[in-house]
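Enquirer: from the sequence below, what's the structure:
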Amino acid sequence: MTPSSPPPEDTAALAALVASLTGLAVSGVARGGQGGNNRLYRAETTAGPLAVKCYFRHPGDTRDRLAAEFAALRFLGECGVSNVPGAIAADAQAGVAIYDWIDGQPPVTRQPGDMAQLAGFVAVLRDLASRPAATALPLASEACLSAEELACQLEKRLARLNSGAGEVDSQVASFLDELLGPAVMSAVSAARGQYGRLGWDFGADLAFERQCLSPSDFGTHNALRRADGSLVFLDFEYFGWDDPVKLTADTLLHPGMELSEAERAEFKAATLAIHGGDGGFAGRLNILLPLYALRWALIVLNPFLPERWARLSFATGAERETVLRVQLAKARRFVAMATGGLDIDAKAAFIL
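Expert: Residues are numbered from 1 along each chain as shown. Here you go, the predicted model:
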């Protein structure tokens with residue numbers, strides 16, 4: 001938060017800010033549940049409840065998460081998309097934005113039709129990509145418009161973790177040196193070879209007309225279920241243009257969902273149909289999926305980075321040692337996915 005921001009638990013100051021931004025009378029503000037890397041509050045107003053999101057900011061994180069999310073939700077709202085929160089008002093200096101309050105529950109247990117709802121939202125985003133206003137939207141956070149960019153991100157993430165390996169235990173350092181590092185090198189080399197055999201340019205950016213709009217952190221883990229069973233999608237801090245292969249791979253692999261084999265197959269089939277006009281989509285997905293699995297192995301180790309731990313601690317107050325042990329187990333599983341070291345039932349979901 002900036003010096004002009006309301007202190008983290010100063011709900012009276014937040015109430016005054018909400019009243020100033022909306023022109024509504026505010027009778028109270030209270031914590032509204034976990035907000036990922038941020039703090040989420042519920043403001044009671046004369047027009048009904050509103051969601052007040054206080055964004056975490058760190059000098060090492062240069063992405064303007066508030067601006068990205070607010071612009072994304074405003075664009076979607078103007079296009080008539082109803083299964084996302086509406087963007088109401090924001091104060092960039094305070095690091096606070098106000099959105100519609102969504103009455104719903106986290107979809108802890110998935111239901112038949114959830115994959116269809118996910119795919120339906122992907123189809124809507126594909127259609128909205130042709131809107132003139134969409135051209136003003138930025139690239140998604142860490143967009144991978146080329147295979148080379150994906151390989152570079154893997155190498156940078158691995159280097160960042162290696163540079164801090166001395167701050168963690170020997171088990172983590174051994175995992176990076178003996179398993180994850182060699183797996184990254186092998187997978188990138190294999191992907192380069194496959195691109196070469198197909199006559200594809202590993203370093204060429206995907207043409208704009210083949211790119212898609214992507215939430216970049218998409219799935220039921222970032223959704224609420226309304227009483228009628230419909231999903232409302234949340235968390236658009238990373239929204240922007242990207243390769244639809246990255247959106248698809250990240251959704252198939254996301255550790256926040258842990259999709260079943262049947263769910264992965266359903267979502268994959270739907271996205272293959274949605275992006276059927278892109279003749280290279282299926283091939284890119286097939287080649288790059290192991291690299292995206294390794295990217296997730298690196299991402300789940302982010303708590304090992306001091307600035308990432310600061311963000312997680314800000315939002316949740318989690319205990320460091322517990323988090324790190326859990327994340328290391330997840331990373332091992334992603335390496336197994338990438339290298340084929342799963343039992344046949346689990347591995348089958350990743351064969352395209």
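
Enquirer: any idea how far apart the tips of stretch 206-215 sit?
Expert: Terminal residues of stretch 206-215 are spaced 18 Å apart (Cα to Cα, to the nearest Å).

Enquirer: my bad, should have said stretch 124-135
Expert: 16 Å.

Enquirer: I'd like the distance between the residue nearest to Ala129 when sequence neighbours are not counted and Pro182.
Expert: Spatial nearest neighbour of Ala129, chain neighbours left out: Leu213 (5.2 Å); criterion: Cβ to Cβ, 6 or more residues apart in numbering. (Glycine included, C-beta is placed from N, CA and C.) Distance of Leu213 to Pro182, given as Cβ to Cβ, to the nearest Å: 36 Å.

Enquirer: who has more neighbours, those two?
Expert: With neighbours defined as other Cβ atoms under 10 Å, Leu213 and Pro182 compare such that Leu213 has more, 25 against 13.

Enquirer: Asn222 contacts Glu237, correct?
Expert: No - using Cβ atoms under 8 Å, Asn222 is not in contact with Glu237, being 10.0 Å away.

Enquirer: look at those two and report which has more neighbours.
Expert: Taking other Cβ under 10 Å, Asn222 and Glu237 do not tie; Glu237 has more neighbours (25 against 20).

Enquirer: show me the domain layout of the chain.
Expert: 11-100, 114-348 (automatic domain parsing).

Enquirer: quick check, Asp278 in contact with Arg210.
Expert: Yes - Asp278 lies in contact with Arg210 (Cβ under 8 Å); the separation is 5.1 Å.

Enquirer: what sits in contact with each of the two?
Expert: Between them, Asp278 and Arg210 share these contacting residues under Cβ atoms under 8 Å, 6 or more residues apart in numbering: Pro244.

Enquirer: could I get the average pLDDT for stretch 223-232?
Expert: Taken as a whole, stretch 223-232 has an average pLDDT of 98.

Enquirer: now swap in stretch 246-253 and tell me
Expert: Averaging pLDDT along stretch 246-253 yields 98.

Enquirer: now stretch 58-65
Expert: Stretch 58-65 comes out at a mean pLDDT of 79.

Enquirer: and that stretch, how far out from the chain's middle?
Expert: 16 Å (Cα atoms, centre = their mean, to the nearest Å).

Enquirer: shaky segments in the stretch 151-300 of the chain?
Expert: Flagging of the stretch 151-300 of the chain using pLDDT under 70 yields the residue ranges 165-169.

Enquirer: now do the strands in it.
Expert: Applying DSSP state E, counting those that start in this stretch to the stretch 151-300 of the chain gives strands spanning 212-214, 223-225, 231-233, 240-242.

Enquirer: packing partners of the second one?
Expert: Taking 3 or more Cβ pairs under 8 Å, 6 or more residues apart in numbering; DSSP states H and E as the contact definition, the neighbouring helices and strands of strand 223-225 are strand 231-233.

Enquirer: for the residue lying closest to Leu289 once chain neighbours are set aside, what are its contacts?
Expert: In space, and not counting its chain neighbours, Leu289 is closest to Ala249: 5.4 Å by Cβ to Cβ, 6+ apart. Counting by Cβ under 8 Å, 6+ apart, Ala249 makes contact with 285, 288-289, 292.

Enquirer: can you list the residues you listed in a markdown table and add distance to Leu66 and neighbour count?
Expert: Shown next, in a markdown table, are these (distance: Cβ to Cβ, whole Å; neighbours: other Cβ atoms under 10 Å):
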| residue | distance to Leu66 | neighbour count |
| --- | --- | --- |
| Leu285 | 32 | 22 |
| Leu288 | 31 | 24 |
| Leu289 | 32 | 23 |
| Tyr292 | 27 | 25 |
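
Enquirer: in space, not sequence, find me the middle residue of this structure.
Expert: Central residue of the chain (Cα atoms, centre = their mean): Asp217, 1.7 Å from the mean position.

Enquirer: just to check, it is in contact with Glu237?
Expert: Yes - between Asp217 and Glu237 there is a contact under Cβ under 8 Å: 7.4 Å.

Enquirer: mean confidence for the helix or strand containing Arg333?
Expert: Element membership of Arg333, judged by DSSP states H and E, is helix 320-339. The pLDDT scores in helix 320-339 average 88.

Enquirer: identify the residue spatially nearest to Phe218, adjacent ones excluded.
Expert: Nearest non-adjacent residue to Phe218, counting by Cβ to Cβ, 6+ apart: Thr251, 5.5 Å away.

Enquirer: mind checking which of the domains of the chain is nearest Pro107?
Expert: With Cβ to Cβ, the closest approach to Pro107 among those belongs to domain 114-348: 4.4 Å.

Enquirer: gap between the closest one and the chain center?
Expert: On Cα atoms, centre = their mean, the centre of domain 114-348 falls 8 Å from that of its chain.

Enquirer: before we move on, back to that, quick one: the residue nearest to the centre of the chain from Gly240, how far?
Expert: Here Asp217 is placed at a distance of 12 Å from Gly240 (Cβ to Cβ).

Enquirer: need the helices for the stretch 251-352 of the chain, in chain order.
Expert: Along the stretch 251-352 of the chain, counting by DSSP state H, counting those that start in this stretch, helices occupy 261-274, 281-299, 306-316, 320-339, 344-348.

Enquirer: what would those helices look like in TSV with distance to Lys156?
Expert: Converted to TSV, the helices of the stretch 251-352 of the chain look like this (distance: least, Cβ to Cβ, whole Å):
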stretch	distance to Lys156
helix 261-274	27
helix 281-299	9
helix 306-316	14
helix 320-339	17
helix 344-348	28
